[in-house]
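*Asks:* below are the sequence and a predicted model for it; my questions follow.
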Amino acid sequence: MLKKKKTHFKEIPIEKKQNHHYCLKSFLITATIIVFAVIVLGIIYWQYAKFPSLSSPITKTYTWDYKETPYTLNETLYKSTAEYYGKKIKGIYSNFEENSISKYFKYPKQDKSISEVANKIKLSAEQGKLTPDQTIDLTLDYVQSLPYDEIRAKTDLTHPRYPYETLYEGIGICSDKTLLTVAILRELGYGTAVFMYESDQHMAPAVQCPTEYSNYNSGYCIAETTAIGHKIGIVPELDQKSLQAVSRAEVPTFENQIKNPLAPKILSTPKIYSKTSGNIYQGVIQTVANEKEIAEISVYLGQQKIRIDASEAELTRLKRELNMYDTQENIKKYNSLVPTYNNLVATVKAQIEEYNQKVNRYNYLIKQ
């Protein structure tokens, strides 16, 4: 029987012609990706790698008061460095807030400005025999003393400056001063965060503090920077016209405080970004105690003023009556009324003395 022969050959597939349109499309996509990558790498290089040589130096002198003691800080800054930061990408973008903020705390290793400022503040604090918490208060007073840039507040709230730029310009809006404060506090070893009050178009730095004393139960205490006098842990109110936070220190006496014409807005609850952990600021404990006493004194002064006004009105009435008896030469009635008048004079003097003591205490606490 014959066997069937098996073939060892395979069919040769029909040759496919190359699709030139497909190749062109692939080439264009690849080229686009390469170009895009080059651009991105170029931006990254320009943003972070190309730090300029130091040129056109200026010496900035910052002066401020802390607990009625003057402080001075001198720092050499460079126009070339300021221009370098001026060309960097700015802005805090919706849905990318964390990354947008974090870029402001990334400095080339050649830039030692923030650490230098922090060390000089620390040295001044040591010379003044300040505690670590008072050093943080000193730092806050320093940034608060930088003028608020009202022009930029009306024209550009969305592109904060880098901390170096704020040092160089010596002026800033809330976001500029916030980022500078956070940068310095980090150098001093403290935990920090950024409070973003989006609906209020406001930003404030925060320092790590005991949770039970923290704002919004966040573990961080607000450190408002827009004006002199704000205390760590005390949420300010916002002047809707200037977008600056209102501080009692701007109207330090009790008499001016009750006459303050501002109609500030209570800040909304913020979103919290860029949290770091570190040393914990304990000074808020005393601040809260002071605020409680301030509130109690305010109530007392308001009530005492009503009592003093009533007593003075009664003195005025008695004085008129005495004058009438004197004119009538009614010595008997005159003399009988004199003890009542003198007793009331003594009462009013005591009321006023107590009032003034409380006012002095109030004004002292406001400045702490």
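*Replies:* Yep, that arrived.
*Asks:* strands of the stretch 101-250 of the chain, start to end?
*Replies:* Taking DSSP state E, counting those that start in this stretch as the test, the strands found in the stretch 101-250 of the chain are 192-197, 202-208, 220-222, 237-238, 245-246.
*Asks:* other residues contacting the second one?
*Replies:* Contacts to strand 202-208, defined as CB atoms under 8 Å, 6 or more residues apart in numbering, come from residues 136, 160, 174-175, 177-179, 181-182, 185, 190-197, 215, 218-225, 232, 238, 243, 245, 267, 270, 272, 276-281. Using the backbone N, CA and C atoms, a C-beta is placed for each residue, glycine as well.
*Asks:* among those, name the buried ones.
*Replies:* With neighbours counted by 16 or more other CB atoms under 10 Å, the contacts of strand 202-208 contain buried members at 136, 160, 174-175, 177-179, 181-182, 185, 190-197, 215, 218-225, 232, 238, 243, 245, 267, 270, 272, 280-281.
*Asks:* re the thing from before, reformat the strands of the stretch 101-250 of the chain as JSON lines; add mean pLDDT.
*Replies:* Shown next, in JSON lines, are these (pLDDT from 0 to 100):
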{"stretch": "strand 192-197", "mean pLDDT": "97"}
{"stretch": "strand 202-208", "mean pLDDT": "96"}
{"stretch": "strand 220-222", "mean pLDDT": "97"}
{"stretch": "strand 237-238", "mean pLDDT": "75"}
{"stretch": "strand 245-246", "mean pLDDT": "58"}
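*Asks:* turn those strands into TSV, including distance to Ile306.
*Replies:* TSV is the format used below for these (distance: least, CB to CB, whole Å):
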stretch	distance to Ile306
strand 192-197	37
strand 202-208	37
strand 220-222	34
strand 237-238	26
strand 245-246	26
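*Asks:* out of those strands, which is closest to Pro147?
*Replies:* Nearest to Pro147 among the strands of the stretch 101-250 of the chain is strand 245-246; the distance by CB to CB comes to 14.7 Å.
*Asks:* which helix of this protein spans the most residues?
*Replies:* In the chain, with assignment by DSSP state H, the single longest helix is helix 284-327.
*Asks:* run through the neighbouring helices and strands of that helix.
*Replies:* helix 254-258, helix 331-366 (3 or more CB pairs under 8 Å, 6 or more residues apart in numbering; DSSP states H and E).
*Asks:* buried residues in the last one?
*Replies:* So that's helix 331-366. Neighbour counts over helix 331-366 (16+ other CB under 10 Å) mark 334, 337, 341, 348, 351, 355, 358-359, 362-363, 365-366 as buried.
*Asks:* quick one, domains of this structure?
*Replies:* Split into domains by automatic domain parsing, the chain comes to 49-282, 295-366.
*Asks:* going by distance to Ile101, which of the buried residues of helix 331-366 wins?
*Replies:* Taking the buried residues of helix 331-366 together and measuring to Ile101 by CB to CB, the closest member is Ile366, at 32.4 Å.
*Asks:* what is the end-to-end distance of stretch 73-90?
*Replies:* One end of stretch 73-90 to the other measures 28 Å (CA to CA, to the nearest Å).
*Asks:* for the record, mean pLDDT for that stretch?
*Replies:* The pLDDT scores in stretch 73-90 average 95.
*Asks:* need the contact partners of that stretch.
*Replies:* With contacts defined as CB under 8 Å, 6+ apart, stretch 73-90 is touched by 43, 46-47, 50-63, 103, 111, 113, 116-117, 120-121, 124, 142, 159-162, 164-165, 167-169.
*Asks:* please redo it, this time with the cut-off set to 6 Å
*Replies:* Contact partners of stretch 73-90, identified using CB atoms under 6 Å, 6 or more residues apart in numbering, comprise 47, 52, 54-62, 117, 120, 159, 162, 164-165, 168.
*Asks:* now do the same for Gln201: its pLDDT.
*Replies:* On the pLDDT scale, Gln201 is placed at 88.
*Asks:* cool, Leu2 as well?
*Replies:* As predicted, Leu2 sits at a pLDDT of 42.
*Asks:* kindly report the same for Thr30.
*Replies:* For Thr30, the pLDDT comes out at 63.
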